[in-house]
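Peer 1: sequence below, structure please.
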Amino acid sequence: MLMTLFGKKDKKKDELNVPEPEEVIGGYRKSEYEEALEELDEEKKDDFFGRDSMTESGSTVMAIVKAICYIVLIVVISGALAYFTISFANDVFAFVKSDEEMEVVIPDNATSAELAEILHDAGVIKYPSVFKIYAKLKGIDKNRAFNFVAGTYTVNGMMNYDELFLAFIEKNTISTFRLTIPEGYTCDEIIELFMSKGIGTKEGWIYAINEYEYEGFDFIKDIKWGDNGRYYRLEGYLFPDTYDFYTDQPEYYYLRRMLVRFNDIMDEKILTRVNELGISLDDALILASLIEEEAYYKYDFDQVSSVLWNRLKSGTKLPKLECDSTIWYALAHKGITREDRPQGLTKSDLEMPDPYNSYVVDGLIPGPICNPGYESISCALAPAETAFYYFVSDSHSVMYYAKTLSEHNANIKSIKDAEARENAQ
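Peer 2: As a prediction, this is how the structure comes out:
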């Protein structure tokens, strides 16, 4: 009966669907615990592959780290560059260096490269390679003023590179003198001017003018030179000016100084104008030299230029420039001076067969007949607008212009009559 009662009781329980009591884990039912574990696994999975909130945070951190690394790198590089720049500059200019005195021995015929090593070994300079580059830029080995004299010298770290170069030369080798090259001087006159100062020889000057290779001057390559009868290659390019020269230098040193000045004067404006006119720089200098020699007063320069240009543009009408100065230039190279022709040019002079005789040759002559100044060069490139084809000057260097030959002859007669009256008084 007891079993029956128990059996009925279990049956009734099943019929009522009463759930079995669940196992409790950590205060949670088993099903709740398992459900929490599943959710936790999902969170870990999301975290592993990166949830949105974690992705933004991680990217920000990485960006900050990269930025810091970049800034540190820039600071390190900038600091290194600044250090070496300041260090190099200090070595060259001796801004902040020890004033300790040191003894150095300079051997015979020392070069700047050898000097750099000697000074570095003595602790006078820090960077021998910088010293060598500086010496090359200054042209120390090419400048005869810097022939280092053998001997024992006392120097100190406060001396900059320039002072060190000067410390090992004979002091009298760097004396200077001032010389003015007048406008319109020919190469022969320039040679005589230098030789009157005891500088160079005639042969040395001619070689330096006609043969010496001057690097860095592109315009020299374009000079008409060789078989055209030109007397001096550099005629027209030795710019007239006042110069301070070192003494006891080779001839090419003085010519190079004048070529440097010429190169400075030939700026972009002048070169552009030369190209616009469709001529070469050499042609422009030929015209400028004729203007320089034919016109005495500068206010005549652009007028004389117009006559020359009008003749060049006339074609077969007036193909010859007919400038007396070209014949005088040719005669000078034959040993004949103006003193030899006190009454002026003769008929035979005007007919003389010579490439520089503008009464014989058509158009331009082989080269300039002097070294013109800036005004004559400018007027050669910017002539006045006139209809003149002739000019002539009187004994006072006053110019008279004419459009026709008859007008020109009338001007000549007027000048002769005036001079005859003056002589009669």
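Peer 1: ok, the residue nearest to residue 280 when sequence neighbours are not counted - contacts?
Peer 2: Among residues not flanking residue 280 along the chain, residue 222 sits closest, at 6.3 Å (CB to CB, 6 or more residues apart in numbering). Placement of C-beta: from N, CA and C, glycine included. Neighbour list for residue 222: 280, 281, 282 [criterion: CB atoms under 8 Å, 6 or more residues apart in numbering].
Peer 1: need the pLDDT of residue 222.
Peer 2: The model reports residue 222 with a pLDDT of 88.
Peer 1: what lies in contact with stretch 325-334?
Peer 2: 186, 188, 231, 290, 293-294, 337-338, 340-341, 345, 349-350, 352, 354, 356-359, 365, 369-370.
Peer 1: swap in 6 Å and give it another go.
Peer 2: 231, 293, 294, 345, 349, 354, 356, 357, 358, 365, 369 (CB atoms under 6 Å, 6 or more residues apart in numbering).
Peer 1: sort out for me which of the residues you listed are in strands.
Peer 2: Using DSSP state E, no member of the contacts of stretch 325-334 falls in strands.
Peer 1: which of those count as buried?
Peer 2: For the contacts of stretch 325-334, a burial check counting by 16 or more other CB atoms under 10 Å picks out 231, 293, 294, 349, 354, 356, 357, 358, 365, 369.
Peer 1: distance check, residue 161 against residue 149.
Peer 2: In this view, residue 161 and residue 149 are 18 Å apart by CB to CB, to the nearest Å.
Peer 1: more neighbours: the two, which one.
Peer 2: residue 161 (21 against 13; other CB atoms under 10 Å).
Peer 1: tell me the contacts of the more buried one?
Peer 2: 92, 134.
Peer 1: go with 7 Å
Peer 2: 92, 131, 134 (CB atoms under 7 Å, 6 or more residues apart in numbering).
Peer 1: turn the residues you listed into CSV, columns for pLDDT and neighbour count.
Peer 2: Listed next are those as CSV, based on pLDDT from 0 to 100; neighbours: other CB atoms under 10 Å:
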residue, pLDDT, neighbour count
92, 70, 18
131, 91, 24
134, 89, 20
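Peer 1: can you tell me which of these lies closest to residue 390?
Peer 2: The shortest approach to residue 390 among those belongs to residue 134, at 59.1 Å (CB to CB).
Peer 1: go ahead and confirm that closest one touches residue 92.
Peer 2: Yes: counting by CB atoms under 7 Å, residue 134 does reach residue 92; the two are 6.2 Å apart.
Peer 1: ok, back up a step: in helices, which of the contacts of stretch 325-334 fall?
Peer 2: 293, 294, 349 (DSSP state H).
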